[in-house]
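K.L.:
Next input, structure requested:
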Amino acid sequence: MSNSWSKEDRVHFENSEVMKQLEKNLIENYKKLESIQKKIAAAPTQEDIQNTKDMTAALKAMNNELNAAAADDPEIKNDSADTSMDADDSNDDNLADKEAVLKDLRNMVKIALEQKEYDLVYKIERTIDSISDKEVVCE
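P.N.:
Next up is the predicted model:
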């Protein structure tokens, strides 16, 4: 149809603001549709979802079997008992060192309080809490 138009009509048609806006809207909508199609293509299918559920169930079953086997195996129980005894021997040495460090830190707190270095006092007290394994409860 536009082939039968005169040159002037064709120029006005091509330079029309309405037609430029229409063309712009069409291109934007086309790009939106393409992006939606890509998202749909990338979305997991029902088969993928089912495979994931099957794998999760298989992993849970395997974990249950391993836990049951570990509970029945006496060697695993003996290994855990041996490590707990070794830890008790090393705790005596660490306890003396820990107390010495805590004593030094408490002295540092006293000095920092005398010098009114409250930021430093806070940091030292937090360090003392972390070394002594005290839980700080916020109210």
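K.L.:
and the spatially most central residue of the chain, what element?
P.N.:
The residue lying closest to the centre of the chain (C-alpha atoms, centre = their mean) is residue 56, at 20.3 Å. Here residue 56 sits within helix 46-72, counting by DSSP states H and E.
K.L.:
now swap in residue 123 and tell me
P.N.:
Per DSSP H and E: helix 118-132 holds residue 123.
K.L.:
what's the burial count for residue 131?
P.N.:
Residue 131 has 13 neighbours, counted by other C-beta atoms under 10 Å. C-beta coordinates here come from the backbone N, C-alpha and C atoms, glycine included.
K.L.:
can you check residue 124 too?
P.N.:
There are 21 residues near residue 124, going by other C-beta under 10 Å.
K.L.:
so what's it up against?
P.N.:
Contacts for residue 124 were tallied using C-beta atoms under 8 Å, 6 or more residues apart in numbering; they are 105, 108-109, 112.
K.L.:
make it 10 Å
P.N.:
104-113, 117 (C-beta atoms under 10 Å, 6 or more residues apart in numbering).
K.L.:
of the residues you listed, closest to residue 35?
P.N.:
Nearest to residue 35 among the contacts of residue 124 is residue 117, at 58.3 Å by C-beta to C-beta.
K.L.:
which residues touch that closest one?
P.N.:
So residue 117 contacts 108-109, 111, 123-124 (C-beta under 10 Å, 6+ apart).
K.L.:
same deal with residue 51?
P.N.:
44-45 are the contacts of residue 51 under C-beta under 10 Å, 6+ apart.
K.L.:
That's all I had, so thanks and see you.
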